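[1] Here is a sequence with its predicted model. Questions after.
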Amino acid sequence: MIKAAYLHIPFCEHICYYCDFNKVFLKGQPVDEYLQAIEQEMKMTLQEAPSKELDTIFVGGGTPTSLNEQQLERFCQSINDNLSKSMNNEFTFEANPGDLSEEKLQILKDAGVNRISLGVQTFNDELLKKIGRVHRAKDVYQTIEKIKSIGFENISIDLIYSLPTQTLNDFKETLDIALSLDLPHYSAYSLIIEPKTVFYNLMRKGKLSTPGEDVEAQMYEVLMDQMEKHGLHQYEISNFSKPGFESRHNLTYWNNEYYYGFGAGAHCYVDGFRQSNIGPVRKYIDTLNSEELPILENHLVPQSEQMEEEMFLGLRKTSGVSISRFIQKFDRDPLNLFAAEMNDLIEKKWIEIKGDKIYLTKQGRLLGNEVFQMFLGVFD
């Protein structure tokens, strides 16, 4: 049963130095043609497999709100025309501080969008410049005021830590400001230097100074402690919320459930197949104009791989992996399947097993990637 859909808008008015998502400069791009193509993809996909009502829709990018008012209205209309939403759905739009006019917010509200996710990253203006962001801290306050004035209650902000030259005190200040906004949801990720980014090229030339693993670990511990002190529950390695404000869309991924993906470079997981779309915008549009789906790769996930994914995705959640759900899904007991890996991780005090749940300890969360790697290629 498919209950979620992700839609990708690849256009950005500025390219951030750390970003490796599928994105292009907005200027001179065939935006209207792209919106027509993504609508065509929805229509063609759902002809083959008519969707039931979706519980979550997530529009990411790029910068979805870089569309002008007319384009945004048209895009929202095409989502509502083609995707059926359940009564209690979660409908999220990503946005950047400073590029959200009241007109755009009203268009989103009228279209049924009920969750806004803002890419804030840091409240330190010097650091914002260093990472290629064009907004400043004051833009965040103004944007959040606007979002609230239009009637949105479910607001999330993204933060990034372990940024170049960022100190522990810098990060503590950003956290204090973020938490003073008293929002229902926060995501905080450590910086990962990805190939094909400005930061990657600087790093290769020895021109990028990052805080290092020890400071990064301290930042993460401060993050967990402060969120807990402010009554925000850590429900996933990088995500914290007030009760009832967890990102239901992202839980689809961590629960290893099926979802649609529409747009250039989007990914989907449907009926046992993981699929990725063509990335370049022009090629994506031309493929759909030829009445073909823009599929770049289509991979049938064998059961062995599904079971590994169930473990390392599920362990991202603080509630962990449900043993009974695993058995129900695969007719295999994870405690037997992964006995060697589990024993090793329990000995290191990186995971615990209590009742029906296998989950990361606090120390395990600090070393999440090392834990997840233990479940990769187990059946090779």
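    Yep, that arrived. No experiment lies behind these values; they were computed from the predicted model shown. Numbering: from 1, shown residues only.
[2] Pop the domain breakdown of this protein in here.
    4-254, 303-373 (automatic domain parsing).
[3] Please name whichever of the ones you listed is nearest to residue 286.
    Minimum separation from residue 286 across these (CB to CB) falls at domain 4-254, 8.7 Å. (Each C-beta comes from the backbone N, C-alpha and C, glycine too.)
[4] Now that closest one: average pLDDT?
    Here domain 4-254 scores 92 as its mean pLDDT.
[5] before we move on, back to that, make JSON lines from the domains of the chain and add mean neighbour count to it.
    What follows is these, written out as JSON lines (neighbours: other CB atoms under 10 Å):
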{"stretch": "domain 4-254", "mean neighbour count": "18"}
{"stretch": "domain 303-373", "mean neighbour count": "16"}
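[6] Let me have those in CSV, extended by distance to residue 380.
    Below are those laid out as CSV (distance: least, CB to CB, whole Å):
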stretch, distance to residue 380
domain 4-254, 24
domain 303-373, 8
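[7] quick one, which of these is nearest to residue 274?
    Once the domains of the chain are compared by CB to CB, domain 303-373 is nearest, at 9.1 Å.
[8] Start and end of that closest one, how far apart?
    18 Å (CA to CA, to the nearest Å).
[9] next one: stretch 266-273
    14 Å.
[10] Likewise for stretch 331-343?
    Span of stretch 331-343 from end to end, CA to CA: 21 Å.
[11] Equivalent analysis for stretch 54-68, please.
    Stretch 54-68 stretches 26 Å from its first residue to its last (CA to CA).
[12] returning to what we had before: which one of the domains of the chain lies nearest to residue 296?
    domain 4-254 (10.9 Å).
[13] Please state the offset of that closest one from the chain centre?
    The chain centroid and the centroid of domain 4-254 are separated by 7 Å under CA atoms, centre = their mean, to the nearest Å.
[14] next one: stretch 256-266
    That offset, for stretch 256-266, works out to 12 Å (CA atoms, centre = their mean).
[15] Buried by neighbour count: which residues of it qualify?
    Of all the residues in stretch 256-266, those buried under the rule 16 or more other CB atoms under 10 Å are 256, 259-266.
[16] which secondary structure element contains the residue positioned nearest the centre of the chain?
    Per CA atoms, centre = their mean, the C-alpha nearest to the average position across the chain is that of residue 250, at 6.5 Å. If you go by DSSP states H and E, residue 250 is part of helix 248-254.
[17] okay if I get the buried residues of stretch 256-266 as a markdown table plus secondary structure and distance to residue 65?
    Output for those, formatted as a markdown table (DSSP: H, G, I helix; E, B strand; the rest coil; distance: CB to CB, whole Å):
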| residue | secondary structure | distance to residue 65 |
| --- | --- | --- |
| 256 | coil | 30 |
| 259 | strand | 22 |
| 260 | strand | 21 |
| 261 | strand | 20 |
| 262 | strand | 18 |
| 263 | coil | 15 |
| 264 | coil | 17 |
| 265 | coil | 18 |
| 266 | coil | 18 |
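[18] Which pair of the residues you listed spans the longest distance?
    256 and 264 (24.7 Å).
[19] Can you list the residue ranges for helices in the stretch 151-300 of the chain?
    168-180, 198-204, 213-229, 248-254, 281-289 (DSSP state H, counting those that start in this stretch).
[20] packing partners for the third one?
    In this case it means helix 213-229. Contacts defined by 3 or more CB pairs under 8 Å, 6 or more residues apart in numbering; DSSP states H and E place helix 213-229 against strand 154-161, helix 168-180, strand 185-190, strand 233-236, helix 362-366.
[21] which one of the domains of the chain lies closest to residue 291?
    Per CB to CB, nearest to residue 291 of the domains of the chain: domain 4-254, 7.5 Å.
[22] how long is that closest one from one end to the other?
    Taking CA to CA, domain 4-254 runs 13 Å from one end to the other.
[23] go on, stretch 149-160?
    27 Å.
[24] circling back: let me know which of the helices and strands packed on helix 213-229 is the nearest to residue 334.
    Here helix 362-366 is closest among the helices and strands packed on helix 213-229 (CB to CB), at 16.1 Å.
[25] counting contacts, what elements does the closest one pack onto?
    For helix 362-366, the packing partners by 3+ CB pairs under 8 Å, 6+ apart are helix 213-229.
[26] Contacts made by the helix it packs on with the rest, please.
    161-162, 167-168, 171-172, 175-176, 179, 186, 188, 190, 211, 234, 240, 362, 365-366 (CB atoms under 8 Å, 6 or more residues apart in numbering).
[27] mind saving the C-alpha coords of that helix as CSV?
    The C-alpha trace of helix 213-229 is given here as CSV (Å, rounded to 0.1, in the frame of the first residue of the first chain):
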residue,chain,number,x,y,z
GLU,A,213,35.1,14.5,14.7
ASP,A,214,35.6,15.2,18.4
VAL,A,215,34.0,18.7,18.2
GLU,A,216,31.2,17.2,16.0
ALA,A,217,30.5,14.6,18.6
GLN,A,218,30.3,17.3,21.3
MET,A,219,27.9,19.3,19.2
TYR,A,220,25.7,16.3,18.7
GLU,A,221,25.6,15.6,22.5
VAL,A,222,24.8,19.2,23.2
LEU,A,223,22.0,19.0,20.6
MET,A,224,20.5,15.9,22.2
ASP,A,225,20.7,17.3,25.7
GLN,A,226,19.2,20.7,24.8
MET,A,227,16.4,19.3,22.8
GLU,A,228,15.4,17.0,25.7
LYS,A,229,15.6,19.9,28.2
